[in-house]
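Participant: Model the following, please.
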Amino acid sequence: MFLRYSASDPFKRNQAMLSIFKKRKVSFNNYYEKAEHMYFKKILPMEQQVNFGEIYDPPLHSAEFSAKPIVFLVGQYSTGKTTFIKYLLGKSFPGMKIGPEPTTDGFVIVTKGTNEAIIPGTGLVVDQSKPFMGLSKFGTNFLKHIFCAVTNSSILDEITLVDSPGVLAGKQCSRDYEFIPVMKWFGQHADRVLILFDAHKLDISKQFQEAIESFEDEKMKLRIVLNKSDTITPQQLMRVYGALLWSLSKIILVPEPIRIYVGSFSDMPYLSMENSILFDKEKTDLLDDLGSLPRNSIIRKINLLLTRSKKLQILLAILSSAGTLRTKNLPMDQIYSDVSLRYGFAISDFPDEEVMVEYVKKFSSRNMKLFTKKQCRKATNELLEAFLPILNDFETDNDSSSALKGGVFSSINQSHSMFEDEEGINAGRHSDTWIIEKPKLEKYDQLFENMSKNKMITPRGAKDYMLETHLPNNVLNKLWKLADVDKDDKLNEFEFAIFAYLIDLKCQGYDIPAKLPSHLYPPDITANSRDSSSSLSELSDLYE
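Facilitator: Numbering: from 1, shown residues only. Next comes the predicted model:
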């Protein structure tokens, strides 16, 4: 069926969609169709009756229900937003620019397509298959600063990525469009907002603060990423993390600290391996969070409809009371108090009083009397009856197969399936090379040269080094005996490398086994060459 209406006229477009839903019996194949059906059948007619968009938000489009979850990246320039998208995709995309200087001067929407292409903003906002038609209200100047990059990546089958222009530090830069309202629009329509910081640049400019504050109503969507953390030492990372948490606490007002992911999110190896295990775990946590978006997207859409229905009920109640109390010439604040007491709505949810005064003037007393308390109650009951079954169906659906595929998720999933337990003492089990290789071996060799005598180290010679680890004596004794392969109570350069490696693992929180794993033996010594008569039973009291 083809609809004949102007794409630029949302009223005619929604009227056409509404007529279709009234004429046909809808067969629900998924939750998105259910939500879309309930909006056009139950909510939209009442929104049009009271000009809902004049006070709150414009009517929803059909594409907004079927749209994939949106991940919106925000940050100052050179924080790695574009590199993060490239990392997720596992490839570059059309129009991508990466550099230390400000490169992305507009918004880039990355979507799935067979052939790579760039769609300009003017074409993007009239595409009814995409949920970005609402951006047309920001004018032609803004449309010059946005484009859609189409590329073929499996991860884009489930989500859409949006890159934003880097916010310059210092004096607020001028733009020829409303930057903060645009940021707020994307925050409202996104399923996840990632705010990226560079570990070397924690300053928050005035415009950047305004951008973060525009997400005031979207706090549950926010995630903070402390990027490029591999360029600083562990001690510096601790201080930077604390400083960032302190700075954000004055802007994002939440009762609990917001989650901050630390790491280096790019396809390049870490510059420093000191915190590599921490970075890997943080990276996995963030990717798991993004992987949950496809399944949880329907919850956000239903929540959006429930929020709109609540606003609609408030609007109907105000119009009903204003029509009844108009003859008394009561001010709007008293009408608000009457509505709050009568219907139980919180005044904090009401529209601005001055805006509402002008809005009410457009309705005649006869029209306002149509919006009765009974109608409000009926609308509320219908909406609850419609949405509760959807939520119940969703809760009983145990299908959790919504993990993202493609891009970085392919390598992560493959790595988990093949070497899911390869960390800590098990790291390097399947490697062809000795795990204690460069740069670890170079560091351990330098320590060995400083402490050894006649190419050997005794416990007394390593005393100062062991004290610096702050590990208990019984733990150090256990690690020494594990590393002493030939059981002569002395360590050669290879044995000391094992000893130092085990200390590093223990300091990182990993458990140490009772027997040295075969993959940790020096290259020229095998596990079978160790004295089979030696026993570690006497060390049982050292187990943790």
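
Participant: Please count neighbours and contacts with C-alpha atoms only from this point.
Facilitator: Noted.

Participant: now residue 235: how far from residue 283?
Facilitator: 20 Å (CA to CA, to the nearest Å).

Participant: Pull stretch 290-300 out as PDB, backbone CA atoms only.
Facilitator: C-alpha atoms of stretch 290-300 as PDB (Å, rounded to 0.1, in the frame of the first residue of the first chain):
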ATOM      1  CA  LEU A 290      26.700  -2.100  24.300                       C
ATOM      2  CA  GLY A 291      25.800  -5.600  23.400                       C
ATOM      3  CA  SER A 292      22.800  -5.500  25.600                       C
ATOM      4  CA  LEU A 293      21.300  -2.500  23.800                       C
ATOM      5  CA  PRO A 294      19.400  -4.400  21.000                       C
ATOM      6  CA  ARG A 295      17.300  -6.300  23.500                       C
ATOM      7  CA  ASN A 296      16.700  -3.400  25.900                       C
ATOM      8  CA  SER A 297      15.800  -1.000  23.200                       C
ATOM      9  CA  ILE A 298      12.100  -2.000  23.300                       C
ATOM     10  CA  ILE A 299      12.000  -1.100  27.000                       C
ATOM     11  CA  ARG A 300      13.200   2.400  26.200                       C
END
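
Participant: about what we covered before: more neighbours, residue 235 and residue 283?
Facilitator: Higher neighbour count among residue 235 and residue 283: residue 283, with 19 against 8, using other CA atoms under 10 Å.

Participant: tell me which element that one is part of?
Facilitator: Using DSSP states H and E, residue 283 sits in helix 276-291.

Participant: That helix: which residues count as buried?
Facilitator: 276, 279, 282-283, 286-287, 290-291 (16 or more other CA atoms under 10 Å).

Participant: need those in CSV with pLDDT and distance to residue 301, can you?
Facilitator: CSV is the format used below for the buried residues of helix 276-291 (pLDDT from 0 to 100; distance: CA to CA, whole Å):
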residue, pLDDT, distance to residue 301
276, 87, 37
279, 92, 33
282, 93, 28
283, 91, 27
286, 93, 22
287, 91, 22
290, 92, 17
291, 89, 17
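
Participant: In TSV, list those residues along with distance to residue 485.
Facilitator: TSV is the format used below for the buried residues of helix 276-291 (distance: CA to CA, whole Å):
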residue	distance to residue 485
276	28
279	32
282	35
283	36
286	41
287	41
290	46
291	45
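
Participant: quick one: residue 164 and residue 80 touch, right?
Facilitator: No. Counting by CA atoms under 8 Å, residue 164 sits too far from residue 80 to count as a contact (11.3 Å).

Participant: neighbour-wise, which of these two wins?
Facilitator: residue 80 (25 against 22).

Participant: quick one: the more buried one from residue 87, how far?
Facilitator: In terms of CA to CA, residue 80 sits 10 Å off from residue 87.

Participant: Need the overlap of contacts for the two.
Facilitator: Listed as contacting both residue 80 and residue 87 by CA atoms under 8 Å, 6 or more residues apart in numbering are residue 265.

Participant: where does the stretch 201-350 of the chain have low pLDDT?
Facilitator: 323-329 (pLDDT under 70).

Participant: Run through the strands of it in chain order.
Facilitator: 222-227, 260-262 (DSSP state E, counting those that start in this stretch).

Participant: Mind giving me the packing neighbours of the first one?
Facilitator: Looking back up the chat, that one is strand 222-227. Contacts defined by 3 or more CA pairs under 8 Å, 6 or more residues apart in numbering; DSSP states H and E place strand 222-227 against strand 192-198, strand 260-262.

Participant: Any idea which of those strands gets closest to residue 342?
Facilitator: Residue 342 lies closest to strand 192-198 among these, at 37.1 Å (CA to CA).

Participant: quick one: that closest one to chain centroid distance?
Facilitator: Once both centres are worked out by CA atoms, centre = their mean, to the nearest Å, strand 192-198 turns out to sit 8 Å from its chain's centre.

Participant: tilt between it and helix 276-291?
Facilitator: If you take axes from the mean of the first three to the mean of the last three CA atoms, to 10 degrees, strand 192-198 sits at 150 degrees to helix 276-291.

Participant: Might you list the low-confidence residue ranges for the stretch 351-500 of the chain?
Facilitator: In the stretch 351-500 of the chain (pLDDT under 70), the answer is 364-384, 386-403, 405-406, 409-422, 438-439.

Participant: Can you show me the helices along the stretch 101-250 of the chain?
Facilitator: Ranges of helices in the stretch 101-250 of the chain, per DSSP state H, counting those that start in this stretch, are 121-124, 139-143, 179-189, 206-213, 234-249.

Participant: Dump the ones you listed to a markdown table, plus distance to residue 508.
Facilitator: Below are these laid out as a markdown table (distance: least, CA to CA, whole Å):
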| stretch | distance to residue 508 |
| --- | --- |
| helix 121-124 | 49 |
| helix 139-143 | 49 |
| helix 179-189 | 38 |
| helix 206-213 | 35 |
| helix 234-249 | 12 |
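
Participant: for these, which one sits closest to residue 443?
Facilitator: Nearest to residue 443, of the helices of the stretch 101-250 of the chain and by CA to CA, is helix 234-249 at 16.7 Å.

Participant: With just CA atoms, put the closest one into PDB.
Facilitator: In PDB, the C-alpha atoms belonging to helix 234-249 read as follows (Å, rounded to 0.1, in the frame of the first residue of the first chain):
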ATOM      1  CA  PRO A 234      49.200   3.400  37.300                       C
ATOM      2  CA  GLN A 235      49.800   6.100  39.900                       C
ATOM      3  CA  GLN A 236      48.900   8.900  37.400                       C
ATOM      4  CA  LEU A 237      45.800   6.900  36.400                       C
ATOM      5  CA  MET A 238      44.600   6.700  40.000                       C
ATOM      6  CA  ARG A 239      44.900  10.500  40.300                       C
ATOM      7  CA  VAL A 240      43.300  11.200  36.900                       C
ATOM      8  CA  TYR A 241      40.400   8.900  37.700                       C
ATOM      9  CA  GLY A 242      39.800  10.600  41.000                       C
ATOM     10  CA  ALA A 243      40.000  14.100  39.400                       C
ATOM     11  CA  LEU A 244      37.600  13.100  36.700                       C
ATOM     12  CA  LEU A 245      35.100  11.600  39.100                       C
ATOM     13  CA  TRP A 246      35.300  14.800  41.200                       C
ATOM     14  CA  SER A 247      34.700  17.100  38.200                       C
ATOM     15  CA  LEU A 248      31.800  15.100  37.000                       C
ATOM     16  CA  SER A 249      30.100  15.000  40.400                       C
END
